[in-house]
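> Quick one: sequence plus predicted model below, questions after.
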Amino acid sequence: MIITVDHMHSVPTWTGRQGYCHTGAREFFKRHSLDWVEFLKSGIDSETLLATGDALAVYLVEHVEAQQHGQQ
């Protein structure tokens, strides 16, 4: 499954706001040697995000899966 920047903007956060910020996301991509610009253009495979083991990445993937199954 491809995760896009639109998905990143739609995920509910612990602060009650919606979406992850670009600053934090860019840092995440850098920390995991992932291509931020390519993500903005084409998205990223959910398996790549899950492989990072990062809780926020897992939460994002779960959010998108729930959306696709009509649960949110």
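Ah, there it is.
> which other helices and strands contact the longest helix along the chain?
Using DSSP state H, we find that the single longest helix of the chain is helix 55-68. With contacts taken as 3 or more CB pairs under 8 Å, 6 or more residues apart in numbering; DSSP states H and E, helix 55-68 sits against strand 2-3, helix 5-10, helix 46-51. For every residue, glycine as well, the C-beta is placed using N, CA and C.
> So what touches the second one?
I take that to be helix 5-10. 18-20, 25, 39-40, 43, 60, 63-64, 67 (CB atoms under 8 Å, 6 or more residues apart in numbering).
> pretty sure Y59 contacts T13?
No - Y59 is beyond contact range of T13, at 9.1 Å (criterion: CB atoms under 8 Å).
> more neighbours, these two?
Counted by other CB atoms under 10 Å, Y59 and T13 do not tie: Y59 has more neighbours, with 16 against 12.
> Please determine how far the more buried one is located from V37.
Plainly put, Y59 is 23 Å away from V37 if you go by CB to CB, to the nearest Å.
> same deal with R17?
25 Å.
> Check G43 too.
12 Å.
> These two: which has the busier surroundings?
Between G43 and V37, counted using other CB under 10 Å, the more crowded position is G43 (16 against 9).
> what's near enough to touch the more buried one?
G43 sits in contact with 2-5, 7, where contact means CB under 8 Å, 6+ apart.
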